[in-house]
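# pasting the structure only:
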């Protein structure tokens, strides 16, 4: 069992930046591929980014590529999402997720989820 707690969300102006954090507890963090997903009101959950267990391999969703960066610190049991050049379309609840083994772009493959953190971008 892995417990995930996101933080760092908030209100930011368009063009600004935020860094989300996801702290994990319960099991060996380095055993888990990690992902970030988001869900805007009235929309389906959307893949944002994923990172491998060692942090050397990443994949990004097309809508965030070049603006967002996922990283992890296994010594701190934490995964991050640096978000730059934010726009109104980035407004959503952002969720951290963990799965045993490889990273994945598919939400259905993640067994563990945080409660989410709200990001609101004002235009």
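Good, I have the coordinates. All values derive from a computational prediction rather than experimental measurement. Residues are numbered from 1 along each chain as shown.
# The residue nearest to the spatial centre of the chain bridge partners, please.
Centroid-nearest residue in the chain: residue 36, 2.4 Å away (criterion: CA atoms, centre = their mean). Assessed by DSSP bridges, residue 36 has beta-bridge partners residue 49, residue 96.
# Can you give me the distance of it to residue 49?
5 Å (CB to CB, to the nearest Å). From N, CA and C alone the C-beta is placed, and that goes for glycine too.
# ok, back up a step: does the residue nearest to the centre of the chain really touch residue 48, like I thought?
Yes: assessed by CB atoms under 8 Å, residue 36 is found in contact with residue 48 at 4.2 Å.
# which residues do the two both contact?
Residues touching both residue 36 and residue 48 by CB atoms under 8 Å, 6 or more residues apart in numbering: 70, 81, 94.
# Output those residues as a markdown table; include the columns pLDDT and distance to residue 7.
Shown next, in a markdown table, are the shared contacts of residue 36 and residue 48 (pLDDT from 0 to 100; distance: CB to CB, whole Å):
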| residue | pLDDT | distance to residue 7 |
| --- | --- | --- |
| 70 | 98 | 15 |
| 81 | 98 | 11 |
| 94 | 98 | 10 |
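# export those residues to CSV and tack on neighbour count?
As requested, the shared contacts of residue 36 and residue 48 are exported to CSV (neighbours: other CB atoms under 10 Å):
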residue, neighbour count
70, 22
81, 27
94, 23
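# now the residues you listed as JSON lines including secondary structure and distance to residue 56?
Putting these into JSON lines (DSSP: H, G, I helix; E, B strand; the rest coil; distance: CB to CB, whole Å) gives the following:
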{"residue": "70", "secondary structure": "strand", "distance to residue 56": "12"}
{"residue": "81", "secondary structure": "strand", "distance to residue 56": "17"}
{"residue": "94", "secondary structure": "strand", "distance to residue 56": "23"}
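# Kind regards, and thank you for your time.
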